[in-house]
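Chemist: Attaching a predicted model along with its sequence, questions to come.
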Amino acid sequence: MYHQCPFLENILDPRMAANRKMYSCQQVLLKLVEDWKQALENNKYVAAMFMDLNQTFDCLPHQLIIAKLKAYGMKKEGCVFSWSYLSKRRQMVKLSGCMSECLEMLKGVPHGSIL
């Protein structure tokens, strides 16, 4: 279950439904279809691009994540807290009983976190 974040609610487009309380993909799709039908009835062009952003943060350097949060209006204390959560984290991989070297994470968010 995902937690509602009031900070992000003011930033995200109402058509973005993933991981948000009180939103569903079905509602967004119904709204889009209605908008497209109306556009076509008015002889306008319709185009769409869909993206799955579930793993977006997996490839972003920590500095960029914090810079984006700051740019979107997060207070300094929130940025410092987020940085402390992301920095100096280490992880390893276990595959078929073999363990990898434990390395510091320089990008992405910890696996299983709600970020």
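Modeler: Ah, there it is.

Chemist: Could you identify the helix or strand that succeeds the helix or strand of the chain with the lowest mean pLDDT?
Modeler: Across the helices and strands of the chain, mean confidence by mean pLDDT, DSSP states H and E is lowest for helix 6-9: a mean of 66. Per DSSP states H and E, the first helix or strand lying C-terminal to helix 6-9 is helix 25-41.

Chemist: Pull the CA coordinates from that following helix and hand them back as CSV.
Modeler: Extracted C-alpha coordinates of helix 25-41, given in CSV (Å, rounded to 0.1, in the frame of the first residue of the first chain):
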residue,chain,number,x,y,z
CYS,A,25,-5.9,4.0,-13.9
GLN,A,26,-9.5,3.2,-15.0
GLN,A,27,-10.6,6.8,-14.1
VAL,A,28,-7.7,8.3,-16.1
LEU,A,29,-8.3,6.1,-19.1
LEU,A,30,-12.1,6.9,-19.1
LYS,A,31,-11.2,10.6,-19.0
LEU,A,32,-8.7,10.3,-21.8
VAL,A,33,-11.1,8.4,-24.0
GLU,A,34,-13.8,11.0,-23.5
ASP,A,35,-11.3,13.8,-24.3
TRP,A,36,-10.2,11.9,-27.5
LYS,A,37,-13.7,11.4,-28.6
GLN,A,38,-14.5,15.1,-28.2
ALA,A,39,-11.3,16.1,-30.1
LEU,A,40,-12.1,13.7,-33.0
GLU,A,41,-15.7,15.1,-33.1
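
Chemist: residues of that helix that come out buried?
Modeler: For helix 25-41, the neighbour count (16 or more other CB atoms under 10 Å) marks residue 28 as buried. Just so you know, the C-beta spots here come from the backbone N, C-alpha and C atoms, and that holds for glycine as well.

Chemist: How far does the next helix or strand after it sit from its chain's centre?
Modeler: Next along the chain after helix 25-41, taking DSSP H and E as the criterion, comes helix 62-71. On the basis of CA atoms, centre = their mean, to the nearest Å, helix 62-71 sits 13 Å off its chain's mean C-alpha point.
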